[in-house]
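>>> prediction below, plus the sequence it came from.
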Amino acid sequence: MPILTVAAIYFILWWTVLFIVLPLGYRSQREEGEVTLGTVESAPAKFRGGRVILLTTLISAAIYLAYHLASVYFGFGIGSIPDIVPRFAQ
């Protein structure tokens, strides 16, 4: 598989997983009881950006590894997925 294709698939996967990981462990300022002046109560109390990026990278790498093993070694790919819309004879 070309390296640009690998990078594109991983990039899309990483951004998708990021939005799944972001709310994990989220605590608002209202829940912590410490609302900073000039911010909304629903703002995060402590943003752990490094933890989010590391977790996103690890999960994305595991998903991509599973995809790569399934497509390269076991022969499963997009063409293996059955058609959802039936083909009508003309």
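Cool, the structure landed.

>>> any regions of this structure where pLDDT drops low?
81, 83-85, 90 (pLDDT under 70).

>>> next, count neighbours for residue 56.
Residue 56: 20 surrounding residues under other Cβ atoms under 10 Å. Glycine gets a C-beta too; all of them are placed from N, C-alpha and C.

>>> quick one, what contacts it?
14, 17, 18, 21 (Cβ atoms under 8 Å, 6 or more residues apart in numbering).

>>> for residue 48, same thing?
Neighbour list for residue 48: residue 25 [criterion: Cβ under 8 Å, 6+ apart].

>>> now name the helix or strand holding the most centrally placed residue in the chain.
Residue closest to the average C-alpha location in the chain (Cα atoms, centre = their mean): residue 17, at 1.0 Å. Element membership of residue 17 [criterion: DSSP states H and E] is helix 3-21.

>>> and if you look at residue 88?
Using DSSP H and E, residue 88 is not contained in any helix or strand.

>>> could you do residue 36 as well?
Here residue 36, judged by DSSP H and E, is contained in no helix and no strand.

>>> how much space separates it from residue 49?
Separation of residue 36 from residue 49 (Cβ to Cβ, to the nearest Å): 18 Å.
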